[in-house]
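Chemist: Sequence plus the predicted model coming up.
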Amino acid sequence: MRNLKLKYCLSHKVGIENPQILLVNPNSQKFVNERRYAVTESQLFAFDVVAQSESVMAEVPDIVAAEYLALDNQICLATRGGEVLLVNPETLEMNEGTFCDVGIECMAWSPDQEVVVFVTKEHNVVVMTCTYDPLTEHSLYDDQTEAEGGFVNVGWGKKETQFHGSEGKEAAKAKQEVDVPVNLEEINKDIIISWRADGAYFVVSYVSPSKGRTFKVFDKEGKLQFVAEKQANLYGPTAWRPSGNWIAVPQKLPNKSTIALFEKNGLRHREIVLPFDLEATPIEDLKWSSDSEILSIRTKTKIYLYTIGNYHWYLKQVLDFQDQEDAVTHYTWDSRIGEEKTLHILFQSGKYLIYKWYWAIDRLNRTGLVAVVDGNQLLLSDFSKAVIPPPMCTKTLQLEGIEAGDSYITTVTLMQDAEDEVHLCILDSRNTIHYYKSHLSYVSTFTLQSRWSEQPASSDIPQMLPLQYGNLQWLGCFEGDSYLVASFSHHDTSQIHFLAVGAPQGQKKVVQVAGIISCLMPSCQEQDCSLFYQLLDDNRIVQLDNVLYPGGETSFRRHLELAQNVDQMESFTQPSDAAKAHIICLSNNQCLYVDDERIATDVTSFCMAGNYLTFTKLTSLHFLRLADMRLVDERRLERGAKLVTTVANSARTVLQMPRGNLEAICPRVLSLELVGALLDSQRYCLAFDVLRKQRINLNIICDHNLCTFMDKIDVFLEEIQNPNWLNLFLSDLQNEDFTKTMYSSNYKQDSQSYPEAFKIENKVELICKALCVRMEQSSEKRFCLPIITAYVKLRQIEKALELIWEEKKRESSVKNDSPAVGAEEALKYLLYLVDVNELYNVALGTYDFGLVLFVAQKSQKDPKEFLAFLNELKGYEPNYRKFKIDEHLRRFEKALQHIANCGREKFHEALEFIKRHEYYSRSLQAYQNDADCYGEICLAFADHLRANGKLEEASLLYERGGNLQQALLSAKHILDWQRALKLAKLSGQDVAQVALSLAAPLQEQGRYEEAYHLSKTYGQNPKDSLQCLIKGKLFLKAISETQMQQGSGDNKAQDEEDTLTTLVSNELLAYQSVLLNSITGDEDLFKQHKDRLIQVRANRLKLAQFGAGDDDQVDIDECDLLSDTTSMRSSRYTASSRGTGKTFRSSKNRRKHERKILSLKPGNPFEDIALIDALYNQITRCFGQQQHVRDTCKAMLQLQQDAAARQLQASYKHLLSTMQNSLDDIWIEEMLQSCGQQFLQGPNVDYTQLKNEQRYAMLSPIKRFKPQLSLTDWEHQILQ
């Protein structure tokens, strides 16, 4: 589907007459202004096209061939006399390479210039190395030597194996003779050598005395491999396709002239039918482009360019030189990288033309119309209607008013205006412009509007050049006229021509540009027309403004600069800034740019598709959202597929495979864009149809703009007339915003608007209820099934059944001979949505046996299963019947209410029901008006709670049920002594006894003050009461309570003093001794851990200085993690164990491993980490004892034990001071750096700090820093 279009045509005048060969240095990186070489019959010239100068490098008579040797930077010349000369283009030094005493007919170097082939005048093929050492020699007339790779013919497909009908079996024996020319003197006896691009084989075409024109195929070493099969009427020009699959040779058949394409083995494979007669117009030369994509055929006055696609040969370009003053003497394709489609042409007078081509698809964007050039026909394919495989097409447009074979199409361009009119312009090989017009709705009927011939574009050129216009494109419409734009280059300058196609003879405006334009692209927004073009010399892109205003001044301004030359440009504008044009460029090194930003590399094609840019790589298709330049989607493609066009109204993307066949896809991104446009315009029916065809989730209809959808529900219901579509939409609804999940690529985040107080969890409910309301308000019968679907979606199946049952009753009441089927069809549809068993249960839950039978009859249920059950239910009292139905349906709450309505007669069954289903709480509400039943339920509930360990609540219910003994036991069990004393009093038990029985358990639970309260209140021994406080170390409380019990008499005071001495003072002093020993032990342990930590760190630093890693010398001993019976040999693993992709530790082993790492055992590689952990825990624990030490000292002060209190306070103060002063020695700077820094990645990583970070990561984050110590005012000034 591609066309070969002209980038530029450069015309130069060289003062060399009758040049025969053009040589270009393949290593040169300059594409226009480099030095080149021309060879005549007796001279070698060097010339410069810019300076227009030439010089003679060497004079050698009878030159037959020349080659530029890039490896040696020399020019090799072969003469007819047999000399092979080497000329240095820099020093002009000439040396002899070799000599053939019999003379040379032709010479050809291999593509890698490692081997050279000569054909002597004796018709011997001589193969030599690049140092001119002979390899082999073979006579072309030697028919006795067998080819090494001769093919085997088994006769498949031949005449001998076919059925011959009336001709009989003898026809199979008849041999078809190939006519050999009688007079060989009339045949051109030129010998042609052509290499395959990989240099493995070469072909020699010659005239055999016995066969006529034929060829032989040799390998690189000169060994004969294949001989061509016998063919008549072959011509001399021969070219081997660089890719290697075909050898092209002209052949005249009885009914046509062709280019025969031979396989490597010499068999004829296929052909190209020529538009001219070989006898009248002989072919002078055949050449393939270096990339194998173009076959050029040169006759005396024309050059034809053919390409292949889908096994069809398209005639893409014809250069017609019949009006030129002199003839073409030589042409060649450029072999440099990036210049594969550059054609060099030399004329007899010294004129030199350079044509640069590029591939382009002539399409009408977003409409699906594509135009393909094929000779004098234009193949129009409308992909919006159908995908037609090439070379077939929708419409063939033949040039009008021109005789066949006289002119060929070279360039075509399409444009669509604001009124949907399609403009088509064709430039033919005679420089005639044809202007056609059609309408977008019937693009297959183009009508010719005008036709005119172009005049010479420059005063320096007296006559028109073949195909002088490059980059021919539509510019736009202005003041009623349509304008074309094209570039024309001459020497080192260019012109931009603006052609008014509606004006007589194509009135034009010309703008001069300094430099050679390689790419051109118009950009028009309303009346503002700009032009962008790229210059070949520096690759900058220039913007040209005010191009169509008659009175305005054309202005130039640099738009951007790129590193490479581009082959394709397109423009687009953003909705936010419609005045600014953005440029999309595809460079010749396959880089895709948007303005000066490189978007992707290895891009093979691109195409605009609405708000997206689609482009292909070798095996993938990508979509770029132009609004934010973000790649939103990607999909796999067949290798080498390229974009052809996109169709807006069907979201279709057409791609062409490497072979040439087409494939049409509908990418999800483009389909969603089309759907979004349809939804914005409230064309719900069309949008729904696209969604169904493309299998897109229907939730997007409402998610696209939920507020608009809710406001336009009436429009939606009016648009969607098919009730099945409504059912499908309702069935697809989900509580999910698909614009943020599945289809987020087409929507900007946080740009959606929602109704007030909307929650995504209620989306289905909101839409279904809104649709139900509108559909129920309507009297249209088509909404019956959608309403049922909405009820099912809302899980209101009972309402759906009621709707059907009402319809059934209404149909039954209407007297009609024909049976009513509306309700039955609705029921069948409901059975399709809901499982029959669930629907039967819902019907049963309505307590309407008529509805139950109606549903059961339409289901597959066996009457034996449900009739007996229904008959049994009919015999029950209504409330009990409902209870049985609800119990059967497991609607226990309703069942409980119905059996409660049955009264005391069914209470025992109700109680069993309550116990079986544990419906105690609801049963209390149901029986709250019946005291006896309520009490029994309370006792049953209390037993259930006590069995589950909830004694507090059980005690309350036992009390409600009247079982005070169980209530008391439950309260005593949970030590709820206030409630236990209350229940003991209510039940008549001894309150003091109950209270004293609770004192000991309270002490066991650490509730010493409560135990003291009970013992003091209900006990008779004050000493026992004080013992509770002393056991809990509540010395201040004990002293206070003892002093409160002092009597007024002397004896009592003495007794009280004795009690203080014996019970409080002694215990307090004993506890002071224990606490003092504990503080001393903590201090000793702290110092021990701290000193060990300093030593371990010093050892690690010493190891690091000697280059040994601290973790490289020792490993964690895992022996302790293994049991004594653990096998040291691995057990055989099974398929199931081998299949798991996840390993993990159990929580028990993990804790064991952590304890092992944090072991304080000397020698542990992580001993420093364990020491820091232990020190942190000890410091926080010791600082947490401040209030307790203060209270203990205060108690001793009250008992006048100042010395003991002073000793305890001083010891604890020294401990805290020691710990506080050691914090900086424990939490050193190394720990703080490893915790607070982000380490570099790659070559700049600090491995020492990274290793420390990994070590300290074993500590919990809070322990990596100094503990936050809270110092309170705990000291007594009396003791200082």
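Modeler: All right, it came through fine. On a predicted model such as this, the values are computed, not experimentally measured, just so you know.
Chemist: in the stretch 601-750 of the chain, which spans are helices?
Modeler: According to DSSP state H, counting those that start in this stretch, the stretch 601-750 of the chain carries its helices in the segments 668-680, 684-693, 700-703, 706-711, 713-719, 723-732.
Chemist: most tightly surrounded among those?
Modeler: helix 700-703 (a mean of 23; mean count of other C-beta atoms under 10 Å). C-beta: built from backbone N, CA, C; applies to glycine.
Chemist: Need the residues that contact that one.
Modeler: Here helix 700-703 makes contact (C-beta atoms under 8 Å, 6 or more residues apart in numbering) with 672, 675, 679, 684, 687-688, 691, 709, 716, 729, 733, 737-739, 743, 752, 763, 767.
Chemist: ok, E54 - how many residues close by?
Modeler: Counted with other C-beta atoms under 10 Å, residues neighbouring E54 total 18.
Chemist: how about the helices of the stretch 601-750 of the chain, which one is nearest K509?
Modeler: Smallest distance to K509 across these (C-beta to C-beta): 37.9 Å, for helix 668-680.
Chemist: Turn the helices of the stretch 601-750 of the chain into TSV, including mean pLDDT.
Modeler: Below are these laid out as TSV (pLDDT from 0 to 100):
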stretch	mean pLDDT
helix 668-680	93
helix 684-693	94
helix 700-703	93
helix 706-711	92
helix 713-719	93
helix 723-732	94
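Chemist: want to throw the ones you listed into JSON lines with distance to V125?
Modeler: JSON lines is the format used below for these (distance: least, C-beta to C-beta, whole Å):
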{"stretch": "helix 668-680", "distance to V125": "59"}
{"stretch": "helix 684-693", "distance to V125": "64"}
{"stretch": "helix 700-703", "distance to V125": "71"}
{"stretch": "helix 706-711", "distance to V125": "81"}
{"stretch": "helix 713-719", "distance to V125": "79"}
{"stretch": "helix 723-732", "distance to V125": "75"}
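Chemist: so which of those helices gets nearest P242?
Modeler: Shortest distance between P242 and those, using C-beta to C-beta, is found for helix 668-680: 37.8 Å.
Chemist: elements contacting that closest one?
Modeler: strand 612-616, strand 630-636, helix 684-693, helix 700-703 (3 or more C-beta pairs under 8 Å, 6 or more residues apart in numbering; DSSP states H and E).
Chemist: And the contacts of that helix?
Modeler: Outside helix 668-680, the residues that touch it by C-beta under 8 Å, 6+ apart are 609-612, 614, 623, 632-633, 646, 648-653, 684, 686-687, 690-691, 694, 696, 700-701, 704-705, 743, 745-746.
Chemist: Just want the angle from that helix to strand 612-616.
Modeler: Helix 668-680 and strand 612-616 meet at an angle of 160 degrees, taking axes from the mean of the first three to the mean of the last three C-alpha atoms, to 10 degrees as the criterion.
Chemist: domains for the chain, by residue range?
Modeler: Per the record, the chain has its domains at 186-323, 982-1046+1055-1069, by the TED database.
Chemist: Mean neighbour count, those domains: which tops it?
Modeler: It is domain 186-323: most buried of the domains of the chain by mean count of other C-beta under 10 Å, with a mean of 19.
Chemist: pLDDT averaged over it - what is it?
Modeler: The pLDDT scores in domain 186-323 average 92.
Chemist: Now do the end-to-end distance for that domain.
Modeler: Start and end residues of domain 186-323 are separated by 29 Å (C-alpha to C-alpha, to the nearest Å).
Chemist: Measure how far it is from the centre of its chain, please.
Modeler: 47 Å (C-alpha atoms, centre = their mean, to the nearest Å).
Chemist: what do you get for stretch 414-426?
Modeler: 36 Å.
Chemist: Check what contacts that stretch and list those residues.
Modeler: By C-beta under 8 Å, 6+ apart, stretch 414-426 touches 362-365, 367, 369, 371, 378, 397, 399, 409, 411-413, 433-441, 443, 446, 472, 474, 476-477, 482, 484, 501.
Chemist: Can I get the buried part of those residues as one PyMOL selection?
Modeler: In PyMOL, this line selects whichever of the contacts of stretch 414-426 come out buried by 16 or more other C-beta atoms under 10 Å:
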select buried, resi 362+363+364+365+367+369+371+378+397+399+409+411+412+413+433+434+435+436+437+438+440+443+446+472+474+476+477+482+484+501
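Chemist: residue contacts, Q752?
Modeler: Q752 sits in contact with D703, N705, L706, D737, T739, K740, where contact means C-beta under 8 Å, 6+ apart.
Chemist: I'd guess Y68 is in a strand, am I close?
Modeler: Yes - the assignment for Y68 by DSSP: H, G, I helix; E, B strand; the rest coil puts it in a strand.
Chemist: Of all the helices and strands in the chain, which has the lowest average confidence?
Modeler: helix 1135-1139 (a mean of 41; mean pLDDT, DSSP states H and E).
Chemist: Burial check on the closest residue to Q897 other than its chain neighbours, number of neighbours?
Modeler: Excluding the flanking residues, the one nearest Q897 by C-beta to C-beta, 6 or more residues apart in numbering is A926, at 6.0 Å. Residues within reach of A926, counting by other C-beta under 10 Å, total 21.
Chemist: likewise E806?
Modeler: E806 has 11 nearby residues by other C-beta under 10 Å.
Chemist: mind saving the C-alpha coords of the host helix or strand of it as CSV?
Modeler: Element membership for E806 (DSSP states H and E) is helix 797-813. Coordinates of each C-alpha in helix 797-813 appear next as CSV, following Å, rounded to 0.1, in the frame of the first residue of the first chain:
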residue,chain,number,x,y,z
ILE,A,797,-36.1,-11.6,43.5
GLU,A,798,-39.3,-11.6,45.5
LYS,A,799,-40.4,-8.4,43.8
ALA,A,800,-39.6,-9.8,40.4
LEU,A,801,-41.8,-12.8,41.2
GLU,A,802,-44.6,-10.6,42.5
LEU,A,803,-44.5,-8.7,39.3
ILE,A,804,-44.8,-11.8,37.2
TRP,A,805,-47.5,-13.2,39.5
GLU,A,806,-49.6,-10.0,39.2
GLU,A,807,-49.2,-10.2,35.4
LYS,A,808,-50.4,-13.9,35.6
LYS,A,809,-53.4,-12.9,37.6
ARG,A,810,-54.2,-10.1,35.2
GLU,A,811,-54.0,-12.4,32.2
SER,A,812,-56.2,-14.9,34.0
SER,A,813,-58.9,-12.4,34.7
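Chemist: Could you check how far stretch 1171-1181 is from the centre of its chain?
Modeler: 52 Å.
Chemist: Pull the residues that contact that stretch.
Modeler: Contacts of stretch 1171-1181 (C-beta under 8 Å, 6+ apart): 1082, 1085-1086, 1089-1090, 1092-1093, 1096, 1158, 1160, 1219, 1223, 1226-1227, 1259, 1263, 1267, 1269.
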